[in-house]
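Enquirer: All I have is the shape, not the residue letters:
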């Protein structure tokens, strides 16, 4: 039976992915959950596993090709004996050549029986490569099991790699500053009593050092991924131009979007038509008293405008927003909450909290706790729509909007937020928001949300009407906290007092959530904010 392999959906707002590299070729036998290709999206890079065991009979998308989510990219025949491989679907030769190991002649002392391979380890689900910083051991050195033999760097961590076995380091197949794909062999250790060092391996190691490419993997302290180098080569971008690009990735690395933006700006620069020089009418010498003002040539239409191409993330956000407005019947209700007690507690406890926990206590944690408790009281807000069915989610997976340095937005998700206390929520928010801004989130960190919180008050906005994050059916917005005069009753008298107030909004999908339910949930969130006892929540 033939099984289709489709481009997976790596995030709720992602509609396409780019194939970086096929790990398997047409005709290869694969096991279920064995990684068969690497893909890249605007949020994560990851490997895609095989859905079944069988033989790859077709590869329908080439490397560097951008494919829509859900589109078939390969076919696998589960009946290996009857599998018919189509030669026309073979992967291009350049793809196959990349997957072939470096040819080398082993000496008799380096047989497979007494040689252990050291591979580039996988340091995270979304990581596909690592950079070798420094070899701690050299060819010929004796190493013990679990003794550190090299240092590597990835987008998430810098760490040392231990020896998988005791013996003699007989081969080093990757050089310092070289970027190596996960799982690729970088060294070999001979476990025999007196292993000899292969002179062929040493000479090949020197040959590797002498090899150069048009776009190298590293330049100075800058490193370029295979995808970036491939795009640069195809677009005619030189190494000097690459070095000029300011990267927005981890540690300033240039990612795909940085390079595409540079290419677009370069095209715009060379497509600008120069302005004709402005003509000036000089005064006539026969009439010295009469002065004629210079005549200014008309400005061509559009010269006072600047065209700024949308980057890929902005395009995806735009498409997602339009899709949401077309899908859901948006309605927004607003309430006002007195958060004076929360403000007083935070002001008096924030320094102590930072010393204990190592990060700042933000208002978002309090807003999240009030939201979660409100949704617990009215669970029918925690729903989504699937065709003509309402899906009620028994657990609350809270998404919270996080602004990135480049001006874009991402929504990490706190899984099982309803099982966390206020401290746990604060820790989860700090962890996810920190990794979001450093681009170290995993695919699972941005999927599966059931309701979202957005703090529009971060920049002083009083309240907003946010767009629902599909396929969810509600989003809660909180505005800026302001001191305002309000009327309060004390001992039977009404007095005007100054309190810390904020507006809370709920935007809901009127297809499945009625105004009464939304109003009840909003009122519960407001009550939770006003009656919250932070000392009790933190166990003080």
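Expert: Alright, I've got the coordinates. No experiment lies behind these values; they were computed from the predicted model shown.
Enquirer: what ranges do the helices span in the stretch 151-300 of the chain?
Expert: Using DSSP state H, counting those that start in this stretch, the helices of the stretch 151-300 of the chain run over residues 199-210, 226-235, 239-244, 256-271.
Enquirer: Would you mind listing the buried residues in the host helix or strand of residue 527?
Expert: Per DSSP states H and E, residue 527 falls inside helix 515-531. Of all the residues in helix 515-531, those buried under the rule 16 or more other CB atoms under 10 Å are 517, 518, 520, 521, 522, 523, 524, 525, 526, 527, 528, 529. To be clear about C-beta, it is placed using only N, CA and C from the backbone, and glycine gets the same treatment.
Enquirer: what would these look like in CSV with distance to residue 68 and pLDDT?
Expert: Listed next are those as CSV, based on distance: CB to CB, whole Å; pLDDT from 0 to 100:
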residue, distance to residue 68, pLDDT
517, 36, 96
518, 34, 96
520, 40, 97
521, 36, 97
522, 38, 97
523, 43, 97
524, 41, 97
525, 38, 97
526, 42, 97
527, 45, 96
528, 42, 96
529, 42, 96
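Enquirer: For those, give me TSV that also has distance to residue 79.
Expert: Compiled in TSV, these are given as follows (distance: CB to CB, whole Å):
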residue	distance to residue 79
517	52
518	53
520	56
521	53
522	57
523	60
524	57
525	56
526	61
527	62
528	58
529	61
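Enquirer: Tell me the one of these nearest residue 448?
Expert: residue 521 (20.8 Å; CB to CB).
Enquirer: Do I have it right that the closest one meets residue 379?
Expert: No: contact criterion CB atoms under 8 Å: residue 521 and residue 379 do not qualify, at 9.4 Å.
Enquirer: tell me, which strand in the chain spans the most residues?
Expert: In terms of residue count, the longest strand belonging to the chain (DSSP state E) is strand 493-509.
Enquirer: and of the buried residues of helix 515-531, the nearest to residue 537?
Expert: Using CB to CB, the buried residues of helix 515-531 come closest to residue 537 at residue 528, 10.8 Å.
Enquirer: Contact partners for the closest one?
Expert: When contacts are counted by CB atoms under 8 Å, 6 or more residues apart in numbering, residue 528 touches 369, 370, 371, 373, 374.
Enquirer: Distance-wise, check the closest residue in space to it that isn't next to it in sequence relative to residue 503.
Expert: In this structure, residue 528 finds its nearest non-sequential neighbour in residue 370, 3.8 Å apart by CB to CB, 6 or more residues apart in numbering. With distances taken as CB to CB, to the nearest Å, residue 370 is found 14 Å from residue 503.
Enquirer: for residue 514, same thing?
Expert: According to CB to CB, residue 514 and residue 503 sit 22 Å apart.
Enquirer: same check, this time on residue 321
Expert: Residue 321 is 22 Å from residue 503, by CB to CB.
Enquirer: So which of these two has more stuff around it?
Expert: Neighbour tally, residue 321 and residue 503, criterion other CB atoms under 10 Å: the higher count belongs to residue 503, 21 against 15.
Enquirer: Next up, phi/psi of the closest residue to the more buried one other than its chain neighbours, please.
Expert: Leaving out its chain neighbours, the residue that sits closest to residue 503 by CB to CB, 6+ apart is residue 463, at 3.8 Å. Backbone geometry at residue 463, expressed as degrees, to the nearest 10, gives phi -160, psi 170.
Enquirer: you'd agree residue 463 is up against residue 334?
Expert: Yes: at 5.7 Å, residue 463 and residue 334 qualify as touching, with contact defined as CB under 8 Å.
Enquirer: quick one, strands of the stretch 401-540 of the chain?
Expert: 402-403, 409-410, 413-414, 451-455, 474-478, 482-490, 493-509 (DSSP state E, counting those that start in this stretch).
Enquirer: thinking again about what came up before, secondary structure element for the residue nearest to residue 528, which one?
Expert: helix 363-377.
Enquirer: right, and the helix or strand after that helix?
Expert: Following helix 363-377 in sequence, per DSSP H and E, is strand 383-386.
Enquirer: So which bits of that following strand are buried?
Expert: 383, 384, 385.
Enquirer: now stretch 161-181
Expert: Buried residues in stretch 161-181 (16+ other CB under 10 Å): 161-165, 167-175, 177-181.
Enquirer: before we move on, what about stretch 333-352?
Expert: For stretch 333-352, by 16+ other CB under 10 Å, it's 333-335, 337-343, 345-346, 349.
Enquirer: Considering the residues you listed, which is situated nearest to residue 59?
Expert: Looking across those and measuring by CB to CB, the closest to residue 59 is residue 333, at 51.4 Å.
Enquirer: Quick check: that closest one touching residue 522?
Expert: Yes: in this structure, residue 333 is within contact of residue 522 by CB under 8 Å, at 5.6 Å.
Enquirer: Touching both of these two, which residues are there?
Expert: Contacts common to residue 333 and residue 522, judged by CB under 8 Å, 6+ apart, are 505, 506.
Enquirer: Leaving out sequence neighbours, find the closest residue to residue 32.
Expert: Nearest non-adjacent residue to residue 32, counting by CB to CB, 6+ apart: residue 53, 4.7 Å away.
Enquirer: for the one you found, what are its contacts?
Expert: 30, 31, 32, 78.
Enquirer: Tell me the bridge partners for the closest residue in space to the last one that isn't next to it in sequence.
Expert: Distances taken as CB to CB, 6+ apart put residue 54 closest to residue 78, at 4.2 Å, once the chain neighbours are dropped. In this structure, residue 54 bridges to residue 30 when assessed by DSSP bridges.
Enquirer: any chance you could map the strands in the stretch 151-300 of the chain?
Expert: Counting by DSSP E, counting those that start in this stretch, the strands of the stretch 151-300 of the chain are 158-162, 167-172, 179-181, 185-190, 218-219, 222-223.
Enquirer: Just tell me which of those ends up closest to residue 253.
Expert: Here strand 222-223 is closest among the strands of the stretch 151-300 of the chain (CB to CB), at 6.2 Å.
Enquirer: Do me a favour and average the pLDDT over the closest one.
Expert: On average, the pLDDT along strand 222-223 is 72.
Enquirer: tell me how far that strand is from the chain's mean position?
Expert: 19 Å (CA atoms, centre = their mean, to the nearest Å).
Enquirer: what residues go with each domain of the chain?
Expert: Domains of the chain are assigned by automatic domain parsing as 2-99, 108-210, 313-537.
Enquirer: could I get those as CSV with distance to residue 216?
Expert: Shown next, in CSV, are these (distance: least, CB to CB, whole Å):
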stretch, distance to residue 216
domain 2-99, 16
domain 108-210, 9
domain 313-537, 23
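Enquirer: Can you say which of those is nearest to residue 255?
Expert: Per CB to CB, nearest to residue 255 of these: domain 313-537, 8.2 Å.
Enquirer: next one: that closest one to chain centre, how far?
Expert: 22 Å.
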